[in-house]
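**Q** Please find the sequence and the predicted model below.
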Amino acid sequence: MPGLLYGGDYNPEQWPAGVQAEDAELMRRARVTTATVGVFAWSKLEPAPGRYDFGWLDEVLDRLAAHGVGVALATPTASPPPWFSLAHPEALPVNADAVRLSHSSRDTYCASAPAYRTAARRIAAALGEHYRGHPALAMWHVHNEYGTTCHCDLTAEAFRVWLRGRYEGLDQLNDAWTTAFWGQHYTDWAQIRPPRRTQYLPNPAQVLDFRRFTSDELLAAYTEQRDLLRAATPGVPVTTNFVLGGWVPVNHARWAREVDLVAIDHYPSEPGMAAEEQAAFAADLARGWARQSPGGPHWLLMETAPNLIYTADRMHTKEPGRMARQSLAAVARGSRGALFFQWRAPRGGAELFHSALVPHAGPDSRVYREAVALGEALDRIGETAEGTVEARVAIGYDEPSAWALQGAGLPSNRLDHAEEAQRAHRALWRRRIVCDVIGVWEGLSAYRMLVLPGHYLMTDGQAAELRAWVEAGGHLVVTYLTGIADEHARVRTGGYPGALRELLGVRVEEFHPLGPDDRVALTPATSGDLWPAATGDLWSETVHLAGAHALLRYAGGVLDGLPAVTRHAAGDGMAYYVSTRLDPEAYGHLLATVAASAGAGPEQSGLPSGVEAVRRQAGDRSWLFLLNHTGDEHEVPATGVDLLTGTAVTDAIRLPAGGAALIRQARPDVGPLPAG
Ligand code: GAL
């Protein structure tokens, strides 16, 4: 797959032949390279059990191949046909209230139902067999956004099997789940159920293990399809599109090792600059996962909306040029291209007003014209595909910690690990310090600085790895609620944060969670220290120094004079502790200061707020992406060739409002490019 991929989800089964013919022409005109086909086409491909109708899809693939479009061919297993659900009602999902759902939407399957798994394997194998060697076949797209949870009896059975693999025996399970609390002690495996709706608060360790089980169960459903496809078409990459969100019961850091290319779907949920910040976070998270994947460190933006941003109350139309700039922003952060949901806007169905590269208005539209321009731009900058982003800073994001912090019975109901990770990311993004968001700790040595924001669960092994990394020279920033509990969500006693007390040189005696309108004032511990006026919210704590130095102290209130932010030298490295949610300015100041002392400064300093600078590099070349997300023109220092316009740039380039430039340069650490 040379160059950058461009295109998106294509549902020809929704359209008559004439429209499909026009689609192929319009794709060629827009230089589409990739169409994701067949995602929800199970009932068209297998209209009755074991009776396949591939004829219509053959025509689609043949036509796309003839127009130079490669296909990410989906297995359609996210949406079983009505005949299947009627024949196998036990394979419909059951929610936590023990209500069995019905078909006529999508994702109406239970991954633990043998009938579903058998039928899914059968259609995947049939597709693999049929499309082996087809010239359009570029990639397999297994299923769609794995994430369905089920609480049925078949799931209960599978959960028990999984638990037997995880725990030596019932004694270990009882201990891990602290079942002595509220008399939940199990005396037989058969007594264990998924965490269905119960009288009062559920057992947090049971809930956590159920999510882990669901992730592994879905992963097994994925890998069995993947293995069939690999066997049928060796060499064709196999992946699935990861969906992000607190509800998703998938540990993507583990999954990343099982896909040939990490692919994510990302839909910003806020219209303004926050959309760019969210997209950058998702990109850096995908790249962090991709570093653990055989296809890494490249990743792929598999779905995003071309022309709309969806917020809770309405759809916001993107400003002209924003679709292209956001696509370049994803490529800047290591995406193998820009794919969209979707190619053509449907006439009906549940998502009838979802945006598309070919909108309801048809090709005579701003959006399609921008799609053509984007195709040209991505074609022109194809050489950047080989470059990688080399971050020296990482943020730890741990999905099990996020799940654990969603539980009831915690000291505040406003704790959100994903939001904490995004806050840290936003602070770095605004200072143009590029970071990977990492989910597993392999490869820590690549980083000079690591931020752990609300990484609630921590194993002894992780704590030991962290210590070794800091002592070898790493700069660690840990925020409140990190390392509080072990992997079974049991609190580590003796003072918080149990796993990291010694490394941080602090002992936290008590939490003081804050209300939505509460603020705590903070003051520099040493007069003359240059800090912006700092405050904290959400959280505060009684921190005692046990070897660390205070950088900021609480000022006023019950914690008056006690340390709020601390620093502790350990070996050749430094460990910082942040006991409250710092306001964005103070947080940014702290992280930028630590990054500077870790030798991990910004890509470019002195840029106007809202202008991004990110570099991809390979061999002796590098590509500097400059993205102006503001409504004003800005001049930015740069020298090289702007690949978007083909013009030479000397010293500086003017970026129009909302515009972008992509400067080919020598690698900064390699020296000038050889002539020619
Ligand atoms: C994605 C999904 C697509 C479509 C899209 C709408 O999450 O994979 O099928 O539903 O959302 O935004």
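**A** Arrived safely, thanks for sending.
**Q** Around the ligand, pick out the residues from the stretch 1-150 of the chain.
**A** Proximity of the stretch 1-150 of the chain to the ligand (C-beta under 6 Å from any ligand atom) is limited to residues 144, 145. C-beta coordinates here come from the backbone N, C-alpha and C atoms, glycine included.
**Q** can you list the residues of this structure near the ligand?
**A** Within the chain, the residues that sit near the ligand (C-beta under 6 Å from any ligand atom) are 144, 145, 243, 265, 267, 303, 341, 351, 354.
**Q** what about the stretch 251-400 of the chain, any weak spots by pLDDT?
**A** Across the stretch 251-400 of the chain, nothing is flagged by pLDDT under 70.
**Q** Equivalent analysis for the chain, please.
**A** Where the chain drops to pLDDT under 70, the residues are 669-676.
**Q** Kindly state the domain boundaries assigned to it.
**A** Domain assignment of the chain by automatic domain parsing yields the ranges 393-597, 611-666.
**Q** Tabulate those (TSV), appending mean neighbour count.
**A** Converted to TSV, the domains of the chain look like this (neighbours: other C-beta atoms under 10 Å):
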stretch	mean neighbour count
domain 393-597	20
domain 611-666	18
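**Q** And the ones you listed: which comes nearest residue 365?
**A** With respect to residue 365, and counting by C-beta to C-beta, the nearest of the domains of the chain is domain 611-666 at 19.0 Å.
**Q** end-to-end on that closest one?
**A** 22 Å (C-alpha to C-alpha, to the nearest Å).
**Q** one step back: what subset of the residues of the chain next to the ligand is buried?
**A** Among the residues of the chain next to the ligand, those buried by neighbour count (16 or more other C-beta atoms under 10 Å) are 144, 145, 243, 265, 267, 303, 341, 354.
**Q** So which of those belong to helices?
**A** Residues of those located in helices (DSSP state H): none.
**Q** could the domains of the chain go into TSV alongside distance to residue 72?
**A** Formatted as TSV, the domains of the chain follow (distance: least, C-beta to C-beta, whole Å):
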stretch	distance to residue 72
domain 393-597	24
domain 611-666	23
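**Q** Now residue 428. Its backbone dihedrals?
**A** When read as degrees, to the nearest 10, the backbone of residue 428 gives phi -70, psi -40.
**Q** need the contact list for it.
**A** Residue 428 sits next to 393, 395, 434, 435, 588, 591, 592, 595 when contact means C-beta atoms under 8 Å, 6 or more residues apart in numbering.
**Q** Just give me the closest of these to residue 533.
**A** For these, the residue nearest residue 533 by C-beta to C-beta is residue 588; the value is 13.2 Å.
**Q** What lies in contact with stretch 341-350?
**A** Here stretch 341-350 makes contact (C-beta under 8 Å, 6+ apart) with 7-11, 14-15, 19, 23, 27, 32, 35, 105, 265, 303-305, 352-360.
**Q** The lengthiest helix in the chain packs against which elements?
**A** Longest helix in the chain, counting residues (DSSP H): helix 204-232. When contacts are defined as 3 or more C-beta pairs under 8 Å, 6 or more residues apart in numbering; DSSP states H and E, helix 204-232 sits against helix 114-131, strand 137-142, helix 153-166, strand 238-239, helix 252-255, helix 399-405.
**Q** now it, how far from the centre of its chain.
**A** On the basis of C-alpha atoms, centre = their mean, to the nearest Å, helix 204-232 is displaced by 18 Å from the centre of the chain it belongs to.
**Q** Just the angle for it relative to helix 153-166, thanks.
**A** 90 degrees (axes from the mean of the first three to the mean of the last three C-alpha atoms, to 10 degrees).
**Q** So for helix 204-232, what gets flagged as buried?
**A** Judged by neighbour count using 16+ other C-beta under 10 Å, the buried positions of helix 204-232 are 204-219, 221-226, 228-230, 232.
**Q** Which ones among the contacts of residue 428 map onto strands?
**A** Assigned to strands by DSSP state E, the following of the contacts of residue 428 qualify: 393, 395, 435.
**Q** Just the closest of those to residue 83, please.
**A** Closest to residue 83 out of these is residue 395 (46.6 Å), distances taken as C-beta to C-beta.
**Q** Pairing partners for that closest one in the sheet, please.
**A** Beta-bridge pairing of residue 395 under DSSP bridges involves residue 437, residue 451.
**Q** cool, and residue 565?
**A** Under DSSP bridges, the beta-bridge partners of residue 565 are residue 552, residue 578.
**Q** how far away is it from the ligand?
**A** Residue 565 is 39 Å from the ligand, where distance means C-beta to the nearest ligand atom, to the nearest Å.
**Q** what's the answer for residue 314, then?
**A** Residue 314 is 14 Å from the ligand, by C-beta to the nearest ligand atom.
**Q** what do you get for residue 507?
**A** 45 Å.
**Q** Am I right that that residue is in a strand?
**A** Yes: counting by DSSP: H, G, I helix; E, B strand; the rest coil, residue 507 falls inside a strand.
**Q** That one contacts residue 493, correct?
**A** No: Residue 507 is beyond contact range of residue 493, at 11.8 Å (criterion: C-beta atoms under 8 Å).
**Q** Much appreciated, bye for now.
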